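Engineer: I would like the atomic coordinates for the input below:
(chains A and B)
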Protein chains: 2
Amino acid sequence: MSELRRDPIGGRWVIVDTDHPNKPEDYEYEPQIYKGGNCPFCYGNETQTPPEIEAIREPGTLPNTPGWQVRVVPNKFPALQIEGDLDRHGVGMYDMTNGVGAHEVCIETPYHEKDICDLTQGEIENFIGMYCRRINDLIKDKRFKYVMLFKNFGASAGASLEHPHTQLIALPMVPKNVAEEIRGAHEYFEYRERCIFCDIIRQETQEKERIVVENKYFLAFCPFVSRFPFELWIMPKKHNGKFCHMPPEEVPALAAILREIILRLKHIFPHLPYNFILHSSPINGDASGDGYHWHIEFMPKLTRVAGFEWGSGFYVVATPPELAAKYLREVPQDAIK
Amino acid sequence: MSELRRDPIGGRWVIVDTDHPNKPEDYEYEPQIYKGGNCPFCYGNETQTPPEIEAIREPGTLPNTPGWQVRVVPNKFPALQIEGDLDRHGVGMYDMTNGVGAHEVCIETPYHEKDICDLTQGEIENFIGMYCRRINDLIKDKRFKYVMLFKNFGASAGASLEHPHTQLIALPMVPKNVAEEIRGAHEYFEYRERCIFCDIIRQETQEKERIVVENKYFLAFCPFVSRFPFELWIMPKKHNGKFCHMPPEEVPALAAILREIILRLKHIFPHLPYNFILHSSPINGDASGDGYHWHIEFMPKLTRVAGFEWGSGFYVVATPPELAAKYLREVPQDAIK
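Structural biologist: Now for the predicted structure:
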């Protein structure tokens, strides 16, 4: 029989098929492929993007020329625009505002066909550092309330360009799902005077069966209430509300664990498309305490979300997280070098 | 510049691209195709499904034989199982229960390749009547708190079988998204002493620009806060919380409007995959009053939902609903006969 599990943060229920769970080979996903063609994010094509905002470059090279390792540019087709003041008003019973915000793209590598796991430790640390710097820069703008950082890798995960990149969207409001997560975490804190994420780390560390990999500073595990098969959360072990307050000594550990989980996943699912999303405390949220704890939610794109999920916010997961973690732990050591 | 719009029911914000909106030809969707092969839902294959629960049949024909027009069977691979009592308990800080529920499939036509718009008015009325009867039957079970009815049409909309069918899942809890919608509607009712959905109908009827089609009993419109391009809501004009309390005279009007919106959509988007979801008051919710109002949310599957949407609950809609409604209204009359 299947199990119904309730997310302790947001109160969402999921159905977990513990009775006839899917094995990895049961998933018919759309593999991520490189078709090639002209790419505005490739080395040498720097003039095809809007002028760069920031880059990690060889000394002496000019902006918008080759010589870069990580490059941040405005999105050519931004969902929101940087100019203007917020003008919130009603339209009859409806509410609206003009689309003020920022929409940037972080190109993580000059190489078109290198996924994160194909980069060196140092290259990954570089773009993680860039994520932090861009968020720290965007939050200086008083119009913004939240910076969303997310990666779509592969067409079926929603990527419109093949070249590896991550998007940052600065918003003039805290999005609903984020606000709910924060509210849930605060309610738990009010009730127990403990951070819910720290409690999750404690329980996962005790039970062990959902842990995939850990190092000194980070834990990567399949959450008890996964919404997607082989979903993984990467969480700092030490309580910290904001990603961009991460102590420098944690960056190499984050780079290593991010690389390793992608290697493990791709060993089981070759050419896996995926999304990941940074969850961090809002700009004006308190930084250190009161229950929020930054983390990365990593979602392999193995299934299509259908009507039931849309209608209900109720997910059906065909591989229990305990089993997914076991498959991921059992990936041979030489596949994750 | 784009607009940010706030859903008055749930408080969700969406980004609507009013500046460079997508035209229909800009969407690269995956067309729904029939590959054929053996189909357990086809006429003559009745023994390939679990024994039928209910059917509309020619007089004198036996269950699980040919002679049917609409047929309801248990899902062969149910997400939840009908036997057993609920056993809710904690696992450390987590909450769970066993997977008690019902999971049925309504096969709307014996014809493998007939979408709803290819059926006659009478055939559509038949399966709408069957939806009502199945919900009325399932709600007699005191373990259930909500019956979710939804249709996935086409592989990219999550359908695992090609043959047209709709699923019903009876759940031992009210799903999160439904509970939020009901809470939002009740809060509006508390504040204004009016149904928010009735107010939406009033504003849409006055402004007209988002209406696609209406008849005596129903309105079909592109909601001001669409989450998906060409999203459509079908709503009864007369206040009514529960779908299965629909007066009999409204059924033909619902059949006609459902058929017409699919014809209009498919004229613009041939072989369109789609989802629709019935939103109705929970089993134990009050039926007539206090702010809930049943409706169908119809979602063409034109785009892939990516990381940003998952992370934020914040949707980007590339065609404003005003423009989508205009395209749909302008479909020539002979395409919707």
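
Engineer: which single residue of the stretch 51-200 of chain A ends up nearest chain B?
Structural biologist: residue A:158 (2.4 Å; CB to the nearest CB). (C-beta placed from N, C-alpha, C; glycine too.)

Engineer: that residue: neighbour count?
Structural biologist: 21 (other CB atoms under 10 Å in any protein chain shown).

Engineer: okay, now the unreliable bits of chain A?
Structural biologist: A:285-290, A:306-308, A:310-312 (pLDDT under 70).

Engineer: secondary structure class of the residue nearest the centre of it, three-state.
Structural biologist: Among the residues of chain A, the one closest to the centroid is residue A:277, at 2.0 Å (CA atoms, centre = their mean). Per DSSP: H, G, I helix; E, B strand; the rest coil, the secondary structure class of residue A:277 is strand.

Engineer: pretty sure residue A:40 contacts residue A:75?
Structural biologist: No - at 11.1 Å, residue A:40 does not count as touching residue A:75 under the criterion of CB atoms under 8 Å.

Engineer: now do the helices in the stretch 1-150 of chain A.
Structural biologist: A:121-138 (DSSP state H, counting those that start in this stretch).

Engineer: what does it put close to chain B?
Structural biologist: Selection of the stretch 1-150 of chain A residues close to chain B by CB under 8 Å from any CB of the partner chain yields A:1-6, A:8, A:10-13, A:15, A:17, A:20, A:77, A:79-81, A:84, A:91-99, A:148, A:150.

Engineer: PyMOL command to pick out the buried ones of the residues you listed?
Structural biologist: In PyMOL, this line selects whichever of the residues of the stretch 1-150 of chain A next to chain B come out buried by 16 or more other CB atoms under 10 Å in any protein chain shown:
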select buried, chain A and resi 2+3+4+5+6+8+11+12+13+15+17+79+80+81+94+95+96+97+98+99+148+150
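
Engineer: ok so, going back, correct me, but the residue of the stretch 51-200 of chain A closest to chain B touches residue A:152?
Structural biologist: Yes - applying CB under 8 Å, one finds residue A:158 in contact with residue A:152, separated by 4.2 Å.

Engineer: and the residue of the stretch 51-200 of chain A closest to chain B, how far from residue B:334?
Structural biologist: Between residue A:158 and residue B:334 the computed distance is 37 Å (CB to CB, to the nearest Å).

Engineer: can you check residue A:246 too?
Structural biologist: Distance from residue A:246 to residue B:334, by CB to CB: 62 Å.

Engineer: just give me the neighbour total for residue A:35.
Structural biologist: Residue A:35, neighbours per other CB under 10 Å, totals 6.

Engineer: let's verify the residue lying closest to it once chain neighbours are set aside: helix, strand, or coil?
Structural biologist: Nearest non-adjacent residue to residue A:35, counting by CB to CB, 6 or more residues apart in numbering or on different chains: residue A:162, 6.8 Å away. Following three-state DSSP, the label given to residue A:162 is coil.

Engineer: and residue A:146, how far from residue B:13?
Structural biologist: Following CB to CB, the distance that separates residue A:146 from residue B:13 is 11 Å.

Engineer: please enumerate the shared neighbours of the two.
Structural biologist: Listed as contacting both residue A:146 and residue B:13 by CB atoms under 8 Å, 6 or more residues apart in numbering or on different chains are A:173, A:175.

Engineer: residues in contact with stretch A:213-224?
Structural biologist: A:5, A:200-201, A:204-205, A:210-212, A:230-238, A:249-250, A:253-254, A:256-257, A:260-261, A:264, A:321-322, A:324-325, A:328-329, B:91, B:94.
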